[in-house]
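kindly return the folded structure for what I paste below:
(one chain, ligands or ions: 2)
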Amino acid sequence: MGEMIYKRVALIGLGLIAGSMGLAMREAGLAGEIVGHARSARTRKVALERGLCDRVCGTAAEAVEGADLVVLCVPVGAMGEVAAEIGPHLAPGATVSDVGSVKRAVIEAVAPHLPDTVHFVPAHPMAGTEHSGPEAGFAELFQNRWCLITPEGADPKAVDRLTRLWEGMGANVDALEVGHHDLVCAVTSHAPHLIAYTMVGVADDLRRLSEGEVVKYSAAGFRDFTRIAASDPVMWRDVFLNNKEATLEILGRFTEELFALQRAIRTGDGDMLLAYFTRTRALRRGIIEAGQDTAAPDFGRGAPQAPTGKDVDA
Ligand SMILES: NC(=O)c1ccc[n+]([C@@H]2O[C@H](COP(=O)([O-])OP(=O)(O)OC[C@H]3O[C@@H](n4cnc5c(N)ncnc54)[C@H](O)[C@@H]3O)[C@@H](O)[C@H]2O)c1
Ligand SMILES: O=C(O)C(=O)C[C@]1(C(=O)O)C=C[C@@H](O)C=C1
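Ligands and ions are numbered 1, 2, ... in the order given. Alright, predicted model coming up:
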């Protein structure tokens, strides 16, 4: 058992990330009580059954009463409306955090609704799977993964306390400047997702022409794309709408590189292709040496149940 860091934690939005946090906090004894809010009765029921939290509430306002940590775990586009609802109900001295994949837009949407008496420490665990909803979470999700925080002038004691919570859940914590966070994530997460969505979309178009062969003969390369492209549509719509500038910047560069490779293929420039692929292989090896390789299909292995997908009625 770890040290109790917060007496009462409120998790708003009981999906993959909140569920994993609830299970990880419980396992490590990091919170006295975990209160959860989900809009649908079905999600609240599953959350209690799976032990994601100790108590559930039908409104976010109720859930945050008396909490010394509130974590917003809803899609990025819903953060502002949730913050507006909880603002008047937050306990003085409480820390408010979030797990959104985008930071600048979330800070702009949330901060105006928070009273001066609370500490806002935005955070983003760099861990996930393509599954969502209250069935999807598992306690090991954050083990040996990064959690990026963008504290921007927040009280150092509140930052330190939240850091200890993430470390207690197995993560390594780093602080980043907000704009830099959004650019890094556009490169490492957001643009790759868009590319996977596109590739699977192309294959889906072709499938109609090839009578199922695309699915039948799909090997590892394409399967990895389909895993990513199975990620939650609402979450990813919100990510792109809220990290527009950085994603477009990276996609612009991507398109330039794609054209260069396309040209090398057309002109038969094998040297260019060889040099390019040699460079990218070195990057992959660097990731593995840094201990950051958790090959994609392993992500969900710790899940206690086969995830059933969406929280449809939420
Ligand atoms: N899935 C990942 O890989 C991943 C990784 C890191 C961070 N994130 C971020 O974490 C957040 C949650 O993602 P997730 O994967 O847990 O998604 P999820 O779909 O599993 O869970 C989100 C939950 O929020 C609920 N919700 C939506 N709007 C709401 C509202 N207004 N009030 C209350 N509940 C609401 C949904 O019904 C759902 O149950 C997102 O901001 C996402 O960008 C996701
Ligand atoms: O592997 C996955 O399912 C993920 O995409 C997780 C992933 C990522 O791109 O690395 C997705 C979104 C996040 O905000 C953080 C992590």
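
on the pLDDT front, check Asp204 for me.
The confidence metric pLDDT takes the value 83 at Asp204.

same check on Glu289?
82.

also Gln305?
If you check Gln305, the pLDDT there is 35.

got the residues of the stretch 1-150 of the chain near ligand 1?
12-18, 38-39, 43, 73-76, 78, 81-82, 99-101, 124-125, 128, 132-133, 136 (Cβ under 6 Å from any ligand atom). In short, each C-beta sits where N, CA and C put it, glycine included.

which among the residues you listed count as buried?
12-18, 38-39, 43, 73-76, 78, 82, 99-101, 124-125, 128, 132-133, 136 (16 or more other Cβ atoms under 10 Å).

what about the residues you listed, which are in strands?
Per DSSP state E, strands hold the following members of those: Ile12, His124, Pro125.

okay, and the beta partners of the first one?
Note on Ile12: beta-bridge partners His37, Leu72, judged by DSSP bridges.

any idea which element Tyr197 lies in?
Using DSSP states H and E, the element containing Tyr197 is helix 191-210.

following that helix, which helix or strand comes up?
Following helix 191-210 in sequence order, the next helix or strand is helix 213-216 (DSSP H and E).

other residues contacting that following helix?
If you take Cβ atoms under 8 Å, 6 or more residues apart in numbering as the criterion, helix 213-216 is touched by Ala203, Asp204, Leu206, Arg207, Phe222.

so how many other residues sit close to Gly168?
By other Cβ atoms under 10 Å, 20 other residues sit near Gly168.

what's it in contact with, if anything?
Counting by Cβ under 8 Å, 6+ apart, Gly168 makes contact with Gly2, Glu3, Ile5, Ala24, Met25, Ala28, Leu30.

from Asp98, how far out is the residue of the stretch 51-200 of the chain found nearest ligand 1?
Of all residues in the stretch 51-200 of the chain, the one sitting closest to ligand 1 is Gly128 (1.7 Å; Cβ to the nearest ligand atom). Distance, Gly128 to Asp98, using Cβ to Cβ, to the nearest Å: 15 Å.

burial measure for Val173, as a count.
18.

one more: the one 10 residues further on?
For Leu183, the tally of surrounding residues (other Cβ under 10 Å) stands at 19.

does it touch Thr247 like I think?
No: assessed by Cβ atoms under 8 Å, Leu183 is found out of contact with Thr247, at 9.4 Å.

any stretches of the chain with poor pLDDT?
In the predicted model, the chain carries pLDDT under 70 at residues 1, 209, 211, 292-314.

which residues in it form strands?
Ranges of strands in the chain, per DSSP E, are 6-12, 31-37, 55-57, 69-72, 95-98, 119-120, 123-125, 146-149, 172-175.

contacts only, for the closest residue to Glu27 other than its chain neighbours.
Leaving aside its sequence neighbours, Glu27 sits nearest to Ala139 (Cβ to Cβ, 6 or more residues apart in numbering; 4.9 Å). Going by Cβ under 8 Å, 6+ apart, Ala139 touches Ser20, Leu23, Ala24, Arg26, Glu27, Gly302.

so what does Ala139 look like in phi/psi?
Per-residue torsions, Ala139: phi -60, psi -30 (degrees, to the nearest 10).

separation between it and Gly170?
Counting by Cβ to Cβ - Ala139 and Gly170 are separated by 9 Å.

can you convert the ones in strands among the buried ones among the residues of the stretch 1-150 of the chain next to ligand 1 into a markdown table and add a column each for distance to ligand 2?
Formatted as a markdown table, those follow (distance: Cβ to the nearest ligand atom, whole Å):
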| residue | distance to ligand 2 |
| --- | --- |
| Ile12 | 17 |
| His124 | 6 |
| Pro125 | 7 |
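
how's this structure carved up into domains?
Listed domain ranges for the chain are 6-177, 180-298 (source: automatic domain parsing).

so how many other residues sit close to the spatially closest residue to Trp236 that is not a sequence neighbour?
Once flanking residues are discounted, Trp236 sits nearest to His193: 6.0 Å by Cβ to Cβ, 6+ apart. Number of residues near His193 (other Cβ under 10 Å) recorded here: 19.
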